[in-house]
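Undergrad: Return a 3D structure for these sequence lines:
(chains A and B)
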Amino acid sequence: EVQLVESGGDLVQPGGSLRLSCAASGFSFSTTWMHWVRQAPGKGLVWVSCISTDGRITNYEDSVKGRFTISRDNAENTLYLQMSSLRVEDTAMYYCAGPSATVPEAFVIWGQGTTVTVSS
Amino acid sequence: QSALTQPRSVSGSPGQSVTISCTGTSRDVGTYNYVSWYQQHPGKAPKLIIYDVTQRPSGVPDRFSGSKSGFTASLTISGLQAEDEADYYCYSFAGSFTWFFGGGTKVTVL
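TA: This next block holds a predicted model:
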């Protein structure tokens, strides 16, 4: 079964750090570009970051540049999002998502999400 | 960076058709045929319903269809059903390893 399982979400104070993980199974993780998408409470989806298959290419949405770092461990089939200098506005459900071999330019696979709350 | 523009809400009666627009720019929708659409029910993860502007993944009912003209992509739901009530998001590649979602449209079945 194709599956993505996020973990690591928590309540953290403004200025704090957190690392999210996304465990992949059931598909060829090492040959799949991966992404993080977030959704603030009651708001829409926002693309956050992407990473190439070998981790050499990454990109970020403007508001998280310099604060978030995406990475991956292909040996462990795991995607990460290191979040630092967290702000109240980073409060959201964070999803990892990815394409499939036959649909390379859309999010076929989604995790169930992990909740990050930034509050004092 | 800016999100693609969608109407906040649309509504229709069962059996009717509704169309959701997604307006971008020459940097995204106007240039690339990599527009996809997602359906999201409350408390659930999004689900892909259209990719590459017009393509439907297996298992998605054929009452869902996509199109594009210029800078605007559209999702049409024909023969609206109660279970189609959800939020819908468009999504486009914008070059340089950047992607944008639309702001989302709430579909209400009257």
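Undergrad: what secondary structure does B:Asp62 sit in?
TA: Following DSSP: H, G, I helix; E, B strand; the rest coil, B:Asp62 is assigned to coil.
Undergrad: Spit out the contact partners of residue 103.
TA: Assuming you mean chain A. Counting by C-beta atoms under 8 Å, 6 or more residues apart in numbering or on different chains, A:Val103 touches B:Leu48, B:Tyr51, B:Asp52, B:Gln55, B:Pro57. Every C-beta, even on glycine, is put in place using the N, C-alpha and C of the backbone.
Undergrad: The chain in question should be chain B.
TA: For B:Gly103, the contacting residues are A:Gly44, B:Ala3, B:Leu4, B:Thr5, B:Gln6, B:Arg8, taking C-beta under 8 Å, 6+ apart as the criterion.
Undergrad: one more time with 6 Å, if that's ok
TA: When the contact criterion is C-beta atoms under 6 Å, 6 or more residues apart in numbering or on different chains, the partners of B:Gly103 are A:Gly44, B:Ala3, B:Gln6.
Undergrad: with the residues you listed in mind, which one is nearest to A:Phe107?
TA: If you rank the contacts of B:Gly103 by distance to A:Phe107 using C-beta to C-beta, A:Gly44 comes first, at 14.5 Å.
Undergrad: how near is that closest one to chain B?
TA: 4 Å (C-beta to the nearest C-beta, to the nearest Å).
Undergrad: Going by contacts, tell me the helices and strands next to the lowest-mean-pLDDT helix or strand in chain B.
TA: Between all helices and strands in chain B, the lowest mean by mean pLDDT, DSSP states H and E belongs to strand B:99-101, at a mean of 92. When contacts are defined as 3 or more C-beta pairs under 6 Å, 6 or more residues apart in numbering or on different chains; DSSP states H and E, strand B:99-101 sits against strand A:45-51, strand B:86-93.
Undergrad: Check those strands for me and report the most buried one.
TA: Across those, the average number of neighbours (mean count of other C-beta atoms under 10 Å in any protein chain shown) peaks for strand B:86-93, which reaches a mean of 25.
Undergrad: List the neighbouring strands of that strand plus their orientation.
TA: Using DSSP bridges, the neighbouring strands of strand B:86-93 in the sheet come out as strand B:35-40 (antiparallel), strand B:99-101 (antiparallel), strand B:105-109 (antiparallel).
Undergrad: ok, of those strands, where does mean pLDDT dip lowest?
TA: For those, mean pLDDT drops lowest on strand B:99-101, to a mean of 92.
Undergrad: Skipping adjacent residues, who's closest to the residue located most distally from the centre of chain B in space?
TA: Distance from the centre of chain B peaks at B:Ser96, with 22.4 Å (C-alpha atoms, centre = their mean). In space, not counting the residues next to it along the chain, B:Ser96 is nearest to A:Asn59; the distance is 7.4 Å by C-beta to C-beta, 6 or more residues apart in numbering or on different chains.
Undergrad: Same question for A:Leu4.
TA: Beyond its immediate neighbours in the sequence, the residue positioned closest to A:Leu4 (C-beta to C-beta, 6+ apart) is A:Gly111, lying 3.6 Å away.
Undergrad: Tell me how many other residues surround the one you found.
TA: A:Gly111 has 22 neighbours, counted by other C-beta atoms under 10 Å in any protein chain shown.
Undergrad: Just the pLDDT for it.
TA: 97.
Undergrad: And it, how far from A:Tyr95?
TA: When C-beta to C-beta, to the nearest Å is the yardstick, A:Gly111 and A:Tyr95 sit 5 Å from each other.
Undergrad: show me where chain B has strands.
TA: Taking DSSP state E, the strands of chain B run over residues B:9-12, B:18-23, B:35-40, B:47-50, B:64-69, B:72-77, B:86-93, B:99-101, B:105-109.
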